[in-house]
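Undergrad: the following comprises the amino acid sequence and a computationally predicted model.
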Amino acid sequence: MNGYYDIHFAQSCKVTFQYSAKKMYGEILSDIFAFIGFITLCTYEQSYPKKISFFDNDLVDTFVRDNLKENIPKPIECIYQNSFYSPNYKIRKWTQHLINYSSIVAQFSLIMLKWFENYREHGQVIKLILRFFIDKYDFNTEKFMDAARALEIFHRFNFSNEVLLKYEYQRLKSKFKILSCWYHLHT
């Protein structure tokens, strides 16, 4: 294609995390990836950072000129290379998103608080589910196993592992046999 008519589109999101106290690098990255997981889920497409800038009140350049003295924040720039990037990534239109920002904007702060709370509590489950988006156009056994592991872990966290009484087990077994027979008759 002629270089004069070469057009590239990109979608981006700028997010600022502010902390009341200093945080370790790993904690900040955990927060960044929790937010990226939310964006991935809402847009129904893989999301990843390209650049991360860190600021600290102790890292400043001082600009002095005549009577003016200004402290200018000095960022630490990290160009982030994602090893899970898939070239099959497609830019999605807002109509293809699972959740549109306009529908949650009024409750966005509350939703974010809940998301981070759930991410801390069920991070392993969320990460396994989000692995589907690494290359969602390719199905493989690992993706299926990740989904099965996510369901198993979620179940273990949220339901007791009591052994069923024999009659309850038999009742459930019969119910599934009936459902299975119905399915085979109607397919």
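TA: Ah, there it is. Computed from a predicted structure; not experimentally measured.

Undergrad: what segments of the protein are helices?
TA: 25-43, 101-104, 108-130, 141-158, 166-185 (DSSP state H).

Undergrad: so which residue is smack in the middle of the protein?
TA: residue 37 (0.7 Å; C-alpha atoms, centre = their mean).

Undergrad: and that residue, what does it touch?
TA: By C-beta atoms under 8 Å, 6 or more residues apart in numbering, the residues touching residue 37 are 119, 126, 127, 130. Glycine gets a C-beta too; all of them are placed from N, C-alpha and C.

Undergrad: correct me, but the second one touches residue 119?
TA: Yes: counting by C-beta atoms under 8 Å, residue 126 sits close enough to residue 119 to count as a contact (5.8 Å).

Undergrad: the more surrounded of the two?
TA: residue 126 (22 against 19; other C-beta atoms under 10 Å).

Undergrad: weakest of the helices of the chain by average pLDDT?
TA: Note on the helices of the chain: helix 166-185 shows the lowest mean pLDDT, a mean of 75.

Undergrad: quick one on the thing from earlier: among the helices of the chain, which is the most enclosed?
TA: Of the helices of the chain, the one with the most neighbours on average (mean count of other C-beta atoms under 10 Å) is helix 25-43, at a mean of 16.

Undergrad: what count of nearby residues applies to the spatially closest residue to residue 22 that is not a sequence neighbour?
TA: Distance criterion C-beta to C-beta, 6 or more residues apart in numbering; nearest residue to residue 22, sequence neighbours excluded, is residue 56 at 7.3 Å. Other residues within reach of residue 56, judged by other C-beta under 10 Å, total 11.
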